[in-house]
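# Give me the fold of what follows.
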Amino acid sequence: MKRAKKTEDESVERPAVVMSDHARDRVLGVGAGAKKGWSRLTVYKREFRRGSFVCKERCTGKAETEAEVRRALDRYEAAKAFDEGWQVCAASWPGSSGFDRVKGGGGVPGGFADHQRDVKDYWRRVEAAMGANDWLIIRRVCGENYSVAQAVAAISPAYKFSTLARFREALDALVEARCAVRRGH
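As a prediction, the model looks like this:
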């Protein structure tokens, strides 16, 4: 048996350039002493790590601070769910000739399209429960990876000097809309 030749695409040209939007959070190997790998953070994950999901003005005491931290975690969870839903909705699935290449499909055409349709239906109901500007801000930041300042300035120009506060308001609207959809409203 002959060994396949190594292709040119497998060689590493140079080390990756690590920038401010990278985090060392991926485990590369299970061996002892394995270093963690770098991954690029989305805008909302970077803002969460910076503490932007917490409103410092509301943190006037211990109880208020704990409540705001819980609210920030809810905001992050909603943003993450939106990101994952956006990825499913934006994914392109193989045509009918590609179903034999997908494992676990059982040969039933439309399995992935049905799942994608259900996710789109859920997010349409969430969108209907939100304000139009809140939805656009969330869509741009959490789905399309715009910076918070770019998204808020384009959609709500009156919030020019308080873009993070406006982003938190949009995240709160997302949290409330997801709760309303779950309750069936």
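
# Toward the C-terminus from the helix ranked longest in the chain, list the very next helix or strand.
Longest helix in the chain by number of residues, with DSSP state H as the criterion: helix 62-90. The helix or strand immediately downstream of helix 62-90 is helix 111-129, counting by DSSP states H and E.

# Could I get the buried residue list for that next one?
112, 116, 119, 122-123, 125-127, 129 (16 or more other C-beta atoms under 10 Å). Using the backbone N, CA and C atoms, a C-beta is placed for each residue, glycine as well.

# I'd like to check what contacts the very next helix or strand once past that helix. Which residues are they?
Note on helix 111-129: by DSSP H and E, the next helix or strand toward the C-terminus is helix 132-138. Identification of contacts with helix 132-138 by C-beta atoms under 8 Å, 6 or more residues apart in numbering yields 79, 82, 127, 130, 151-152, 155-156, 166-167, 169-171, 173-174.

# Name the nearest of those residues relative to residue 143.
Distance to residue 143, by C-beta to C-beta, is smallest for residue 82 among the contacts of helix 132-138, at 6.5 Å.

# Which residue, other than its chain neighbours, is closest to that closest one?
Spatially, and ignoring its direct neighbours in sequence, residue 82 is nearest to residue 142 (4.6 Å; C-beta to C-beta, 6 or more residues apart in numbering).

# give me every residue that touches that neighbour.
The contact partners of residue 142, by C-beta under 8 Å, 6+ apart, come to 42-44, 79, 82-83, 86.
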